[in-house]
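Peer 1: For reference, the sequence and a predicted model appear below.
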Amino acid sequence: MSESAEYDKLRKTVVLIYDLDDDCQRAYQNLFAAVETLAGCGAVWQVTTKETVYDRKYQAGAGQLITRHRLVIGVRNPPCVKTNVSVPFLGFHQAQFYLFPDRILAFDSSGVGSIAYSSLSLDSHSILFIEEGGVPQDTVVVDHTWQFVNKDGGPDLRFRNNRQLPICNYEEMCISSSHGINEVVQISRIGVSSIFSSAVAGAVGSLRQRDTLCEHQKKSPSLQDRTSVSPTATPSLADPPNSEDMRVVMFDVLCCMAFADGGMSERESIVICNIMGKLNSGWSTEDFHRQFDLFGSDMARFGYETVLERSISRLAPFKKTAHKHVLMKSLQCIATTDERLSKNERDVYRRVRDALA
């Protein structure tokens, strides 16, 4: 990919940085665990159609014909979005749901929509399903019937290859909202839908608590310095580092984060330039080249650890709340440029945070 194409891709990318308080962190971990539990079931299907059966004896006695598709469940980032959290993913037949800490991003053929957890309605119940495919290993089989069945429940002897079919106890979860969502999910294991519903309810509760806290902060300005940052806060550049020395220190710290995994990618260097540009550094293209060259020279002469320690030791001016906030959010942007945080990147982030504490 050419540099211009890479830059254009980055320009269209949305960066979502989350700084979760304890309650929101706990609620999101529970939601993540609930999706993992769902993924661990023997089978999870999306029910796409239901049709009434008028002659049951030719359909194993079933009252409805159901069309199902396997639901894709995993962890992935949505297109053109970079974030510092792992995002659970539900892939329906015609839509994809990405479960973020504060909202669901829904992608379909018409575009992208944001769905509040509080707007979701989850209803679940157990069902009996005549299974013509394989029976999942965690499913309870409650009875059997025949593919062609008489009114008394016995096999219709007119059919030579009349199979006996298991009747399975599945769980059905209906997911709906005022935004037009109307999905039906069939789960092979009983009890999993209640785990998922409880996790969504926990996310709703933590977000309401956060909103209440933010509203209280607005009414009580004296509390603002003692409360945590909103979990959906994004970097504020209204009060950027205000001296050339501070900008150089910030540049070096961002480069240290980029080099945490052994080298700076082209994408990371572009993001660093974008960040410094938003901070009104006033640096020209030649200035950026010179700064990168100076940093690289120091790395070659003194080594990464020494350069990192030197940069961290010069962070005292960033202890001002606004400056600290900008620096930490910018570090998160660099760390998440290459999809996910590594152990080395987490270590750099922790050391900078501790130095500013």
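Peer 2: Arrived safely, thanks for sending.

Peer 1: Only C-alpha atoms from now on, for both contacts and neighbour counts.
Peer 2: Will do.

Peer 1: Apart from its neighbours in sequence, what residue is nearest Val307?
Peer 2: Nearest residue to Val307, sequence neighbours excluded (CA to CA, 6 or more residues apart in numbering): Met299, at 6.5 Å.

Peer 1: Helix, strand or coil: sort out the one you found for me.
Peer 2: Secondary structure state of Met299, per DSSP: H, G, I helix; E, B strand; the rest coil, is helix.

Peer 1: in stretch 37-48, what counts as buried?
Peer 2: Applying a neighbour-count criterion of 16 or more other CA atoms under 10 Å, one finds Leu38, Ala39, Cys41, Ala43, Val44, Trp45, Gln46, Val47 buried in stretch 37-48.

Peer 1: I'd like the distance from it to the chain centre, please.
Peer 2: Stretch 37-48 has its C-alpha centroid displaced from the chain centroid by 19 Å (CA atoms, centre = their mean, to the nearest Å).

Peer 1: Kindly export that stretch (C-alpha atoms) in PDB.
Peer 2: Listed next in PDB are the C-alpha coordinates belonging to stretch 37-48 (Å, rounded to 0.1, in the frame of the first residue of the first chain):
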ATOM      1  CA  THR A  37     -19.900 -18.200  27.500                       C
ATOM      2  CA  LEU A  38     -22.200 -17.900  24.500                       C
ATOM      3  CA  ALA A  39     -19.300 -18.700  22.200                       C
ATOM      4  CA  GLY A  40     -18.500 -21.800  24.300                       C
ATOM      5  CA  CYS A  41     -21.900 -23.300  23.700                       C
ATOM      6  CA  GLY A  42     -22.200 -26.400  21.400                       C
ATOM      7  CA  ALA A  43     -24.200 -24.400  18.900                       C
ATOM      8  CA  VAL A  44     -25.700 -20.900  18.600                       C
ATOM      9  CA  TRP A  45     -28.000 -20.200  15.700                       C
ATOM     10  CA  GLN A  46     -29.800 -17.100  14.400                       C
ATOM     11  CA  VAL A  47     -33.400 -17.900  13.500                       C
ATOM     12  CA  THR A  48     -34.200 -16.100  10.200                       C
END
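
Peer 1: residues in contact with it?
Peer 2: Residues from elsewhere that reach stretch 37-48 (CA atoms under 8 Å, 6 or more residues apart in numbering): 66-71, 73-74, 92-93, 136-139, 183-189, 192, 196.

Peer 1: Show me how to select, in ChimeraX, the buried members of those residues.
Peer 2: Restricted to buried positions by 16+ other CA under 10 Å, the ChimeraX selection for the contacts of stretch 37-48 reads:
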select :68,71,73,74,92,93,136,139,183,184,185,186,187,188,189,192,196
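
Peer 1: Return the subset of the contacts of stretch 37-48 lying in strands.
Peer 2: Members of the contacts of stretch 37-48 lying in strands (criterion: DSSP state E): Ile66, Thr67, Arg68, His69, Arg70, Ile73, Gly74, Glu183, Val184, Val185, Gln186, Ile187.

Peer 1: For the second one, which non-adjacent residue is spatially closest?
Peer 2: Put plainly, it is Thr67. Thr49 is the one closest to Thr67 (CA to CA, 6+ apart), at 5.1 Å.

Peer 1: Tell me who's in contact with Ala357.
Peer 2: Ala357 touches Lys319, counting by CA under 8 Å, 6+ apart.

Peer 1: State the distance from it to Lys324.
Peer 2: Relative to Lys324, Ala357 is positioned 10 Å away (CA to CA, to the nearest Å).

Peer 1: swap in Arg346?
Peer 2: Arg346 is 17 Å from Lys324, where distance means CA to CA.

Peer 1: Check Asn161 and give its pLDDT.
Peer 2: With respect to pLDDT, Asn161 scores 80.

Peer 1: Quick check, the residue nearest to Val307 in contact with Glu309.
Peer 2: No: with contact defined as CA atoms under 8 Å, Met299 does not count as touching Glu309 (11.8 Å).

Peer 1: Which one's more surrounded, the two?
Peer 2: Met299 (17 against 14; other CA atoms under 10 Å).

Peer 1: ok, the more buried one to Lys324 distance?
Peer 2: Applying CA to CA, one obtains 25 Å for the distance of Met299 from Lys324.

Peer 1: Could you report the neighbour count for the closest residue to Thr13 other than its chain neighbours?
Peer 2: In this structure, Thr13 finds its nearest non-sequential neighbour in Cys80, 4.5 Å apart by CA to CA, 6+ apart. Burial of Cys80 is recorded as 12 neighbouring residues (other CA under 10 Å).

Peer 1: give the contact list for the residue nearest in space to the middle of the chain.
Peer 2: Nearest to the mean C-alpha position of the chain, counting by CA atoms, centre = their mean, stands Val87 at 1.8 Å. Taking CA under 8 Å, 6+ apart as the criterion, Val87 is in contact with Phe32, Val75, Arg76, Asn77, Tyr98, Leu99, Phe100.

Peer 1: same check, this time on Arg68
Peer 2: Contacts of Arg68 by CA under 8 Å, 6+ apart are Trp45, Gln46, Val47, Thr48, Thr49.

Peer 1: so how far is His144 from the nearest residue to the third one once chain neighbours are set aside?
Peer 2: When you say that, I think you mean Val47. Excluding the flanking residues, the one nearest Val47 by CA to CA, 6+ apart is Arg68, at 4.5 Å. Counting by CA to CA, the gap from Arg68 to His144 is 21 Å.
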